[in-house]
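> sequence and computational prediction follow.
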Amino acid sequence: MPQIVGKQSIQFEQAPYVLGSASIVGKKEGEGPLGKLFDVVGEDDKFGEDTWEEAESTLQKEAVMLAMGKAGLKKEDIRYIFGGDLLGQNIATTFGLLELNIPLFGLYGACSTAGESLSLAAMAVAAGYGENVLAVTSSHFASAEKQFRFPLEYANQRPLSATWTVTGSGAFVLGTRRGKTRITGITTGKVVDYGVKDSMNMGAAMAPAACDTIYQHLQDFQRQPGDYDKIVTGDLGTVGQEILIRLLEEKGVDISKVHMDCGIEIFDSEEQNTNAGGSGCGCSAVTLSALLLPKLEKGTYKRILFVPTGALLSNVSFNEGQSIPGIAHAVVLEYAA
């Protein structure tokens with residue numbers, strides 16, 4: 001079976017299995033619709049640390065340790081970690097995983113990092129470069145707001161298009177040992193820029209990239225939206241979801257019946273005042289671990305397309321007037337009967 005398919009995709013001949021995953025979130029996420037599904041809900045969003053950044057590092061470390069434990073593995077069994085976060089120079093990842101002493105590939109795909117890390121981890125396992133490989137990412141509301149928007153003390157007003165950065169970390173162990181779910185293919189996204197400059201409307205900035213990746217994926221694999229139980233984007237929110245569906249309709253593709261967005265699922269926007277929904281690297285990662293993987297493991301879902309979406313801005317590019325490009329990476333997860 002040829003593994004390279006179409007223009008941007010890989011179909012794995014030796015598809016790696018998901019051996020274990022973990023989701024750790026903050027208090028607000030625990031109060032949302034998925035609250036009872038997460039492995040750990042923190043009572044204090046500083047998780048016992050002195051700073052927001054240290055708190056996010058603790059999130060990642062604890063998620064990794066929990067995922068390894070659920071997979072029945074020790075840190076010595078992990079060949080590589082593919083991980084990243086939203087902070088400058090990936091400091092949540094580097095400081096969080098420092099003591100584990102596991103070879104690390106540090107990644108930055110903004111909020112698409114869950115898809116990027118799973119794609120690369122799956123490639124490493126499928127190619128025989130590691131028997132067990134770990135993918136992890138995280139975000140934290142307070143650390144992200146401080147870096148990309150305004151200090152919390154400023155108490156700025158949030159427009160209806162704004163999303164709420166999820167405090168959470170999701171970790172996944174992939175391996176060759178048989179499990180209940182496997183990653184059978186990936187489609188790697190391209191950078192797409194429609195000229196959006198509003199950092200309070202990330203859904204609009206990322207939707208074109210999600211459209212580009214989903215459309216190319218369906219072309220590469222010669223599939224239809226109905227071939228998936230769900231096509232799940234990362235954090236487009238209500239605004240981005242509407243744009244995505246419309247953009248794909250213009251290309252003759254209707255995903256409205258199977259589309260789900262992690263940013264919409266994780267919060268009750270009216271009750272929790274999160275406006276367009278959730279966002280951040282942790283948004284898609286913890287939703288995959290807590291909500292989607294259990295449905296795959298039970299066979300409720302047979303196949304899903306997981307498409308985390310990222311806005312590739314920095315505080316420098318934004319302050320210099322640059323637009324906000326987007327990227328999205330697609331991962332095919334299937335029930336392993």
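Cool, the structure landed.

> let me see the ranges of the helices in the stretch 1-150 of the chain.
Along the stretch 1-150 of the chain, the stretches classed as helices by DSSP state H, counting those that start in this stretch are 27-30, 52-70, 91-97, 113-126, 141-148.

> looking at the ones you listed, which is buried most?
Most buried of the helices of the stretch 1-150 of the chain, by mean neighbour count (mean count of other Cβ atoms under 10 Å): helix 113-126, with a mean of 27. To be clear about C-beta, it is placed using only N, CA and C from the backbone, and glycine gets the same treatment.

> which helices and strands does that one pack with?
Contacts defined by 3 or more Cβ pairs under 8 Å, 6 or more residues apart in numbering; DSSP states H and E place helix 113-126 against strand 80-84, strand 104-107, strand 132-139, strand 168-175, strand 181-187, helix 281-287, strand 303-307, strand 330-335.

> these: which one's closest to Val41?
Val41 lies closest, by Cβ to Cβ, to one member of the helices and strands packed on helix 113-126: strand 168-175, at 9.5 Å.

> from the middle of its chain, how far away would that closest one be?
Relative to its chain's centre, strand 168-175 lies at 10 Å (Cα atoms, centre = their mean, to the nearest Å).

> report the strands that pair with it, each with its relative direction.
The strands beside strand 168-175 in its sheet (DSSP bridges) come out as strand 17-25 (antiparallel), strand 132-139 (antiparallel).

> hey, which of these is tucked in deepest?
Among the strands paired with strand 168-175, highest average neighbours (mean count of other Cβ under 10 Å) belong to strand 132-139, with a mean of 32.

> residues near Leu86, how many?
Each residue near Leu86 was counted by other Cβ atoms under 10 Å, and the total is 27.

> OK, contacts around it?
Contact analysis of Leu86 by Cβ atoms under 8 Å, 6 or more residues apart in numbering lists 92, 110-111, 139, 143-144, 147-148, 165, 280-281.

> do you know how far it is from Ile24?
According to Cβ to Cβ, to the nearest Å, Leu86 stands 16 Å off from Ile24.

> circling back: for the helices and strands packed on helix 113-126, which one ends up most surrounded?
Neighbour counts (mean count of other Cβ under 10 Å) averaged over each of those peak at helix 281-287, with a mean of 36.
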